[in-house]
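Undergrad: Coordinates for the following, if possible.
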Amino acid sequence: MEAKTQIWEVMPFIVMVIMEGCTIGLTIFAKSALTNGLSPFVFIVYANSLATLILFLFSFLMHSNDRSLPPTFTFSMFMRFLFLGLTGITMTQTFSFLGLSYSSPILVCAMGHLIPSSNFLLSLILRKKYANFRSSAMLFQVMGTLISIMGAAVSEFFKGPLIRHSSHQLRHAKQFFVFSSAPEFWILGGVLLAAASFSVSLWNFMQKETVKLYPEPMKVICYYNFLGTILSAIVSLMVERDSDAWKLKHKMELILIVLTALFGGVIRPTIQVWFTRLKGPFYFQVFKPFGIAYATICGVTFFPNSLHYGSVVGATIIGIGYYSVIWGQIKEDEDKIGCDDSSDSLDKKEPLLQENKEMEV
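TA: So this is what the prediction gives:
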C-alpha cells in the first residue's frame, strides 16, 4: 500500500515533465511545418475546428446524464464568450504561431514566461490589487516582473555566438526539422510572442469572472473555442485569399493538425484542470520552465547552428523572474488565507465576549 501511495504521489510530477517535453516536441514540429510552407492562419483554423468538434463531443458525453438546468445564456454572457474566443484563441494563437514562424521554440518558451508578469501588471492597471511595497509578496512580484522584462530584452537584442557548430550529418538532418529563423525576423517574432502573452493575461482575467457567472467550465471552453474558431476563420480568409494555401500538401501537416487539436485543445487543458484540483492552482505553473531546459537540450543536440548563447541566457533570466512572480503570488495567497482565518477566529470569539458582558451586567 505504501509503495502504491508513493507511486501516486510521484505520478503527477512524471506526467507534468512528460507534458512539457511533448509541448516542446510539438512546437518544433510546428516550426518545421510553418517554415516549409504551411500557413499559420490556415493551421490555426484547421486545428481549432477539430479541437472544437472533439470538445463538444466530450462535453456532450460528460453532461449526458446531467438533468440540472444550465445557467441562463444571456447576450452579456455571449459577449463574454466572444471576448474569450478573441483573446484566448484568435489573438493568442495568431501571435504565437506567427511569432514562432519568425523565431524559435526556445524564444516561444522564454516569452511564454512573461504571462505571470503580464497578469501582475494587468491586475494593477485594472485595480484588482494595490501596490503595497511593505508586503514581501508584492516585492517578489515587482522584482520578478523587472527580471522577466530584462530577460526578454536580452533574448530579443542579444543573440551572441553559436553554442556549437553542427557536423555534416546534423546539417543534413536539419532539412527535415527546423529550429530557428533568419536573424532579421527575430525581433518581430519576439514582439509577437510578447503580445501573445499579454493576450493570455486578458483571457485569464475574463475567464475567471466568466466561470463564476457560468459555473460549467467544460461548456465555457466549448463555447469560446467555437467562437474563437469562427473569428480565426474570418481573419484567415481575409489574409489567405489564395485557395492553394488552404490545401494540405504533406501528410505531416495533417498529423500536426490532429496532434495539436488533441494535445493542445483537449489533453493538456484536461490535465491542467485535474492537477489544479488535486495539487492546487500553482502546481501546473511550476513546471513551465522545464520547457526552456527541453528546448536548450534539443537545440544543442540536434540544431546547434540555430542556438545562440543570448537565447539561453535570456530564457534563463526570464525563468528566474517567472519563479519570483509565482513565489510572490503563492505568498500573497497564503497571507490572504491567514487574514481570513484570523478574521474567522475573531468572529467566533465575539459571542463569548458578549456573553461575558451580559454576565457582568
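Undergrad: where along the stretch 151-300 of the chain do the helices fall?
TA: 168-173, 186-213, 217-239, 251-259, 268-279, 283-286, 290-302 (DSSP state H, counting those that start in this stretch).
Undergrad: repeat for the stretch 1-150 of the chain
TA: 2-35, 40-62, 75-85, 92-102, 105-112, 115-125, 136-157.
Undergrad: right, so of those helices, which gets closest to residue 286?
TA: Set against residue 286 and scored by Cβ to Cβ, these come closest in helix 2-35, at 8.1 Å. In this view, the C-beta of every residue, glycine as well, is placed from N, C-alpha and C.
Undergrad: Which strands and helices lie in contact with that closest one?
TA: Judged by 3 or more Cβ pairs under 8 Å, 6 or more residues apart in numbering; DSSP states H and E, helix 2-35 is in contact with helix 40-62, helix 92-102, helix 105-112, helix 251-259, helix 268-279, helix 283-286, helix 290-302.
Undergrad: re earlier: out of the helices of the stretch 1-150 of the chain, nearest to residue 221?
TA: helix 40-62 (6.1 Å).
Undergrad: The closest one versus helix 251-259: what angle between them?
TA: Using axes from the mean of the first three to the mean of the last three Cα atoms, to 10 degrees, the inter-axis angle of helix 40-62 relative to helix 251-259 is 40 degrees.
Undergrad: Just the CA atoms of helix 40-62, as PDB, please.
TA: Extracted in PDB, the C-alpha atoms of helix 40-62 (Å, rounded to 0.1, in the frame of the first residue of the first chain):
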ATOM      1  CA  PRO A  40      -0.100  29.800 -39.700                       C
ATOM      2  CA  PHE A  41      -3.600  31.200 -40.300                       C
ATOM      3  CA  VAL A  42      -4.800  28.000 -42.100                       C
ATOM      4  CA  PHE A  43      -3.100  25.900 -39.400                       C
ATOM      5  CA  ILE A  44      -5.000  27.700 -36.600                       C
ATOM      6  CA  VAL A  45      -8.400  27.300 -38.300                       C
ATOM      7  CA  TYR A  46      -8.000  23.600 -39.000                       C
ATOM      8  CA  ALA A  47      -6.500  22.700 -35.600                       C
ATOM      9  CA  ASN A  48      -9.200  24.700 -33.700                       C
ATOM     10  CA  SER A  49     -12.000  23.400 -35.800                       C
ATOM     11  CA  LEU A  50     -11.000  19.800 -35.000                       C
ATOM     12  CA  ALA A  51     -10.400  20.700 -31.300                       C
ATOM     13  CA  THR A  52     -13.800  22.300 -31.000                       C
ATOM     14  CA  LEU A  53     -15.500  19.300 -32.500                       C
ATOM     15  CA  ILE A  54     -13.800  17.000 -30.100                       C
ATOM     16  CA  LEU A  55     -14.600  19.300 -27.100                       C
ATOM     17  CA  PHE A  56     -18.300  19.400 -28.000                       C
ATOM     18  CA  LEU A  57     -18.400  15.600 -28.200                       C
ATOM     19  CA  PHE A  58     -16.500  15.300 -24.900                       C
ATOM     20  CA  SER A  59     -18.800  17.800 -23.300                       C
ATOM     21  CA  PHE A  60     -21.900  16.000 -24.500                       C
ATOM     22  CA  LEU A  61     -20.700  12.700 -23.100                       C
ATOM     23  CA  MET A  62     -19.800  14.400 -19.700                       C
END
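Undergrad: Make residue 1 into 11 and carry on from there
TA: Taking 11 as the first residue, the last one we looked at is helix 50-72.
Undergrad: and that helix, how far out from the chain's middle?
TA: Averaging C-alpha positions (Cα atoms, centre = their mean, to the nearest Å) puts helix 50-72 18 Å from its chain's average.
Undergrad: Next, the angle helix 102-112 makes with that helix.
TA: Put simply, helix 50-72 runs at 140 degrees to helix 102-112, going by the same axes, to 10 degrees.
Undergrad: Contacts only, for the residue lying closest to residue 304 once chain neighbours are set aside.
TA: Of all residues not flanking residue 304 in the chain, residue 34 sits nearest, at 4.2 Å (Cβ to Cβ, 6 or more residues apart in numbering). By Cβ atoms under 8 Å, 6 or more residues apart in numbering, residue 34 lies in contact with 115, 119, 301, 304-305, 308.
Undergrad: can you do 10 Å?
TA: Residues near residue 34 by Cβ atoms under 10 Å, 6 or more residues apart in numbering: 115-116, 118-119, 300-308.
Undergrad: Can you tell me how far it is from residue 250?
TA: Distance of residue 34 to residue 250, given as Cβ to Cβ, to the nearest Å: 27 Å.
Undergrad: ok now stretch 332-345, how far from the chain's centre?
TA: With Cα atoms, centre = their mean as the basis, stretch 332-345 stands 18 Å off its chain's centre.
Undergrad: Ok, stretch 38-52 next?
TA: So, by Cα atoms, centre = their mean, the centroid of stretch 38-52 is 20 Å from its chain's centroid.
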